[in-house]
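1. Need coordinates for the following:
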Amino acid sequence: MDLSTTYMGLKLKNPIVPSASPLSQSVDTVKALEDAGAAAIVCYSLFEEQINHESGELDHYLTYHADSYAEALNYFPEPEEFRLTPIQYLDHIANLKKSVSIPVIGSLNGVSTGGWVKYAQNIEQAGADALELNVYYIPADPKVSGTEIENMYVDVVKEIKKTVKIPVAVKLSPFFTSMSNMAERLDEAGADALVLFNRFYQPDFDLEKLEVVPNLVLSTNWEMRLPLRWIAILYGQLKANLALTSGVHNHTDVIKATMAGADVSMMCSELLTGGVKRVSEILKSLEQWMTENEYDSIKMMKGSMSQKAVAEPAAFERANYMKMLNSYKMLW
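-> As a prediction, the model looks like this:
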């Protein structure tokens, strides 16, 4: 059974890749993930707020819509609250490369270009096989246009692609007016892969203290429907590889992602709750399903349920919306 796939030019033994999360903070955990069958690892993100660079550039983004709310900046963690300093992060990448044989993908999380360019180079020099850019920006100012936001994404990719030789993936949010056009622009800017989609963690209210509080909720299977749909639409239209993240919990999720056209399926929540052993369990179930359904390789099923391959391509667009609403039956 050939489970191998290629992602950003990296030859992977299977499509399961643990995404950026606390799973990569320990070398021993990453070793255990490799032993369980993980094909690569995306390292825990280095946040732009951790990087010591031109303060004015980051301040511009952080205060652009909050200059009248001084308390808003207090919401950001103090430097000592971050798990790894920038230097420690680079050392961690180097240690992972010495300890495991699977590809190690660095991760940068931020909004501007200045600090990223330097640390993209540093992450490359530390030995990372690739880099994932997690552009996490909430456009809260009504004066900032969608075009400005899109240009910011494209500029970040162009600048980093000029400075590193390792492949670069971009982790996107789904909140663009034209997702297809944005994907094409990033593809043209040189992105080697698109990771769909970033989960925007929504704050909650503490009604006792009347405070806004962080609230982390792990993913469920149904969340993969959005990236599944867009990967199926984009498959075959881009040079960049496609990674599905959010909602991958079992072997059927991996199969669906592959059939939509994903090169890899990225997992986090399932591994945080079920442990690293879930990788080997999912791989075993994947092989069993493929045997029962007469698939010899991942390549055979890749893109087989994409928009370009199915009998009803309109099912991914407005027609599916109408069909879904008309199919609902009242339960009372």
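2. what ranges of the stretch 51-200 of the chain fall below the confidence cut-off?
-> Where the stretch 51-200 of the chain drops to pLDDT under 70, the residues are 51-84, 111-115.
3. So which residues of it form strands?
-> Taking DSSP state E, counting those that start in this stretch to define them, one finds strands in the stretch 51-200 of the chain at 104-110, 130-135, 168-172, 193-196.
4. As CSV, these with mean neighbour count would be great.
-> To be clear about C-beta, it is placed using only N, CA and C from the backbone, and glycine gets the same treatment. Shown next, in CSV, are those (neighbours: other Cβ atoms under 10 Å):
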stretch, mean neighbour count
strand 104-110, 26
strand 130-135, 24
strand 168-172, 26
strand 193-196, 27
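5. Any idea which of those gets closest to A232?
-> strand 193-196 (10.6 Å; Cβ to Cβ).
6. in its sheet, what does the helix or strand following the closest one sit against?
-> Sequence-wise, the next helix or strand downstream of strand 193-196 (DSSP states H and E) is strand 204-206. In the sheet, strand 204-206 lines up against strand 211-213 (antiparallel) (DSSP bridges).
7. For the partner strand, the averaged confidence score.
-> Across strand 211-213, pLDDT averages out at 86.
8. roughly how far out does that strand sit from the chain middle?
-> Relative to the centre of its chain, strand 211-213 is centred 26 Å away, using Cα atoms, centre = their mean, to the nearest Å.
9. will you turn the strands of the stretch 51-200 of the chain into TSV that also has distance to L210?
-> Shown next, in TSV, are the strands of the stretch 51-200 of the chain (distance: least, Cβ to Cβ, whole Å):
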stretch	distance to L210
strand 104-110	29
strand 130-135	31
strand 168-172	34
strand 193-196	36
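10. wait, which of those strands is closest to S45?
-> The closest of the strands of the stretch 51-200 of the chain to S45 is strand 104-110. By Cβ to Cβ, the value is 4.0 Å.
11. name the helices or strands packed onto the closest one?
-> Secondary-structure packing of strand 104-110 (3 or more Cβ pairs under 8 Å, 6 or more residues apart in numbering; DSSP states H and E): strand 41-42, strand 46-47, helix 86-99, helix 114-125, strand 130-135.
12. which residues touch it?
-> Here strand 104-110 makes contact (Cβ atoms under 8 Å, 6 or more residues apart in numbering) with 17, 20, 40-49, 51, 58, 93, 96-97, 116, 119-120, 123-124, 126-136, 169.
13. again with stretch 87-95
-> Residues from elsewhere that reach stretch 87-95, judged by Cβ under 8 Å, 6+ apart: 25, 27, 43-44, 46, 50, 84, 104, 106, 122-123, 125-128.
14. Helices of the protein, start to end?
-> In the chain, the helices defined using DSSP state H lie at 27-36, 55-63, 86-99, 114-125, 146-163, 179-189, 225-234, 251-260, 269-274, 277-292, 298-301, 318-327.
15. Tabulate the ones you listed (CSV), appending mean neighbour count and distance to N198.
-> Compiled in CSV, the helices of the chain are given as follows (neighbours: other Cβ atoms under 10 Å; distance: least, Cβ to Cβ, whole Å):
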stretch, mean neighbour count, distance to N198
helix 27-36, 17, 22
helix 55-63, 13, 17
helix 86-99, 17, 20
helix 114-125, 20, 16
helix 146-163, 16, 12
helix 179-189, 18, 13
helix 225-234, 22, 10
helix 251-260, 23, 16
helix 269-274, 18, 14
helix 277-292, 17, 22
helix 298-301, 16, 25
helix 318-327, 10, 24
